[in-house]
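S.K.: Quick one: sequence plus predicted model below, questions after.
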Amino acid sequence: MRRKLISGKCLAVGIILLFVGAGAVPSTAKPTHVTAIAVPHSGDFFGLSSNIIVSWDANETKEPLIPRGVTRTIALNVLFGVTWGVFGRLIHYLVRYKQVTIQVSVIDRPEWSYATLSQGTLVCNIPPNENDYSMLQTYLTVSVAEDAPAFEVFPVTIQATVEPLHGLFGLFTLMQGTTRVENVTFNVGYKPLIQPFFPQTNVIETPPLVQVELPIGIKNLGNGKTIVENEVVDYPDGWIVSLPAQLVLEVGEYKEMNLSLVAPSDFSGVETIIVSFTPHSFDNYSLVGQTTFASFLGFYNPP
């Protein structure tokens, strides 16, 4: 009986010394960034290290985001697991299946972009085995404003954090917390958008065999440098009609050109001329926007 009493006392003293030893080891303030299966760091020699992995399908971020277009939503997989030090098995036995909370947030993005998470607080249990991972999921939704620069590659920075787990009235750190930071990279698409202006009018008197000109203004309302292809689509037989073939416009730039008209010698009455303007990306001509059409009236009433 006396031997059993002595053995029980020794066991109790051993457990107390174990926790005192764990509390005496200084905790690491710097977050642990896990890229694969983590190895316990020195601050957790007696306790547990928490590991977070954030992943997503890279194919979902390849398609460019069009300014003021459809939003993009991708699934973020958040994995949580623990590793342990020499005496971590005992600590793990005491806290396994305990609930932990992971805070996920967007901490940085360009000012011309928008990014939100469907859920910022994720809850799971400590896995039953070392290097087992519990998988949680939240959804990241991203869009870009109309002034987002075309072809810009930009990151949305995601942070996932789990706080330390303390025991014995908060005196001892049983599990170290960690923070994981990841950049989810997107790119901005080209948005072709132009607007024509008629500084004077779209109606002009056209006496026979007299060259007259009408100014036409074009403004680039898109988000990238643009080539505007100009074309005379339709005009009456016998007329001479010309228009500059192209305009090159920087973002927000406005330029003017002249539509030149010469009516035939026998002209009188009213005729219609139709022209078109088609925007193309200066950096990638195959990216083309919607064609805009404009009509002009030439008239002459002889005395």
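M.R.: Yes, it's here.
S.K.: Please make it C-alpha for all contacts and neighbour counts, starting now.
M.R.: Noted.
S.K.: Going by neighbour count, list what's buried in stretch 207-218.
M.R.: 207-208, 212-214, 216, 218 (16 or more other Cα atoms under 10 Å).
S.K.: now what about that stretch, what contacts it?
M.R.: Applying Cα atoms under 8 Å, 6 or more residues apart in numbering, the set of residues contacting stretch 207-218 from outside is 194-202, 204, 206, 254-268, 299-300.
S.K.: hmm, which of those residues are the buried ones?
M.R.: Buried residues within the contacts of stretch 207-218, defined by neighbour count using 16+ other Cα under 10 Å: 194, 196-197, 202, 204, 206, 254, 259, 261-264, 267-268, 299-300.
S.K.: Of those residues, just say which sits nearest to Y114.
M.R.: I194 (24.6 Å; Cα to Cα).
S.K.: Next one: that closest one, what pLDDT does it get?
M.R.: Among the per-residue scores, I194 shows a pLDDT of 97.
S.K.: swap in T73?
M.R.: 96.
S.K.: Likewise for the one 10 residues further on?
M.R.: At T83, the predicted lDDT confidence score is 82.
S.K.: Which residue ranges make up the domains of the protein?
M.R.: With automatic domain parsing serving as the domain definition, the record reports that the chain contains domains spanning 29-187, 194-300.
S.K.: Check the offset of stretch 262-270 from the chain's centre.
M.R.: Computed by Cα atoms, centre = their mean, to the nearest Å, the chain-centroid distance of stretch 262-270 equals 57 Å.
S.K.: Please apply the same query to stretch 190-205.
M.R.: Relative to its chain's centre, stretch 190-205 lies at 34 Å (Cα atoms, centre = their mean).
S.K.: ok, now stretch 209-216?
M.R.: In terms of Cα atoms, centre = their mean, the centre of stretch 209-216 is set 48 Å apart from its chain centre.
S.K.: How about stretch 270-290?
M.R.: Relative to the centre of its chain, stretch 270-290 is centred 30 Å away, using Cα atoms, centre = their mean.
S.K.: With stretch 126-139 instead?
M.R.: Averaged over its C-alpha atoms, stretch 126-139 has a centre that lies 26 Å from its chain's centre (Cα atoms, centre = their mean).
S.K.: Now the terminal residues of that stretch, how far apart.
M.R.: The first and final residues of stretch 126-139 sit 23 Å from each other (Cα to Cα, to the nearest Å).
S.K.: Please apply the same query to stretch 251-271.
M.R.: End-to-end for stretch 251-271, by Cα to Cα: 35 Å.
S.K.: Show me what that stretch is in contact with.
M.R.: Judged by Cα under 8 Å, 6+ apart, the contacts made with stretch 251-271 from elsewhere in the structure are 206-226, 236, 238-244, 247, 249, 297-302.
S.K.: and whichever helix or strand L140 is part of, what does it pack onto?
M.R.: Assigned by DSSP states H and E, L140 falls within strand 134-144. Judged by 3 or more Cα pairs under 8 Å, 6 or more residues apart in numbering; DSSP states H and E, strand 134-144 is in contact with strand 72-84, strand 113-117, strand 121-125.
S.K.: average pLDDT for that strand?
M.R.: Taken as a whole, strand 134-144 has a mean pLDDT of 96.
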